[in-house]
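Q: need coordinates for the following:
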Amino acid sequence: MRIDGKLAVVTGAAVGIGRAIAQRLAAEGASVVVADIDADGARQTCASIGAASRFVEVDLRDDSAVADLMACQPQILVNNAGGGPSLRPCFPEASVERWSASLDLNLRAPMLTTQLALPGMQQAGGGAVVNVGSTAGLGFGLHVSPEYSAAKAALIRLTATLAPLSDSHGVRVNCVVPDWVGTERGIRERSEFPEDERGPALVPLDVLTDAVVRFVEDEALIGRVLLLDRDERPLFLN
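A: Next comes the predicted model:
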């Protein structure tokens, strides 16, 4: 699938990973909808891209707002918005409203945006959805935010189960699962650890955006999950 000339929605595109993905898709010729609740950051993203972008302020936990966002009928959807580990307290100390909000943002929102994107993508002859997971959703180790890691694990599993959409709707759903990424925040947080606890270097942003572009363009990739580890080459998990 060619990116040039397509309309893309990137959620959580105000800063960091989302901004880098929006910029890369625009550089590949897409028109990009920068979707975020952070208006100032999103406008900065749009300013860095130029006329090929526009900003939509949206709280992805609001169903009606998500429906309004997806009314633009994109051919490319990147479900990047998420977060939660920096919020304290987490489950089980957190209130139901607090941990539910994390599940809504990290799992329910990408499910809803994908569902709403399907009719338009099918009508356009096909489309691509790329979910952005996290290594927090892998394995059996402890994590400071159980609700976040559980949501990311579910997002990875969801991706694989949606492979039949390629046949029924012409829509391919894939997932990139990065370890810590070299965003401004990632660099800052890594620097705060003692030197002997920092681990490998961060995943470069261009490695992540390369993976997103590959998932959009390569029509042979369906329901795949790609791990971007800091000390390994990109690895398909399925």
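
Q: mind saving the C-alpha coords of the helix or strand hosting Val33 as PDB?
A: Element membership of Val33, judged by DSSP states H and E, is strand 31-36. What follows is strand 31-36, C-alpha atoms only, in PDB (Å, rounded to 0.1, in the frame of the first residue of the first chain):
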ATOM      1  CA  SER A  31      -1.900  14.000   4.800                       C
ATOM      2  CA  VAL A  32      -1.900  13.600   8.600                       C
ATOM      3  CA  VAL A  33      -4.500  14.200  11.200                       C
ATOM      4  CA  VAL A  34      -2.700  14.900  14.500                       C
ATOM      5  CA  ALA A  35      -5.100  13.700  17.200                       C
ATOM      6  CA  ASP A  36      -4.400  14.500  20.800                       C
END
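
Q: who touches it?
A: Strand 31-36 is contacted from outside by 6-14, 18, 22, 25-26, 42, 45-46, 49, 52-58, 60, 69, 72, 74, 81, using C-beta atoms under 8 Å, 6 or more residues apart in numbering. For every residue, glycine as well, the C-beta is placed using N, CA and C.

Q: filter those residues down to the ones in strands?
A: Judged by DSSP state E, strands contain the following of the contacts of strand 31-36: 7-11, 53-57.

Q: okay if I get those as a markdown table plus neighbour count and pLDDT?
A: Formatted as a markdown table, these follow (neighbours: other C-beta atoms under 10 Å; pLDDT from 0 to 100):
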| residue | neighbour count | pLDDT |
| --- | --- | --- |
| Leu7 | 18 | 98 |
| Ala8 | 29 | 98 |
| Val9 | 27 | 98 |
| Val10 | 35 | 98 |
| Thr11 | 29 | 98 |
| Ser53 | 24 | 97 |
| Arg54 | 14 | 97 |
| Phe55 | 20 | 98 |
| Val56 | 17 | 98 |
| Glu57 | 15 | 98 |
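
Q: so which of these is the closest to Ser100?
A: Of all the ones in strands among the contacts of strand 31-36, the one with the least separation from Ser100 (C-beta to C-beta) is Thr11, at 18.8 Å.

Q: list the neighbouring strands of the strand holding Val33 plus their orientation.
A: The pairing partners recorded for strand 31-36 under DSSP bridges are strand 7-11 (parallel), strand 53-57 (parallel).

Q: avg pLDDT for it?
A: Average pLDDT, strand 31-36: 98.

Q: quick one: the longest strand seen in the chain to chain centroid distance?
A: For the chain, the strand reaching the highest residue count under DSSP E is reported as strand 171-178. Offset of strand 171-178 from its chain centre (C-alpha atoms, centre = their mean, to the nearest Å): 9 Å.

Q: just the buried residues of that strand, please?
A: Within strand 171-178, the residues scored as buried using 16 or more other C-beta atoms under 10 Å are 171-178.

Q: where does pLDDT dip in the protein?
A: Under the criterion pLDDT under 70, the flagged ranges of the chain are 84-87, 182-200.
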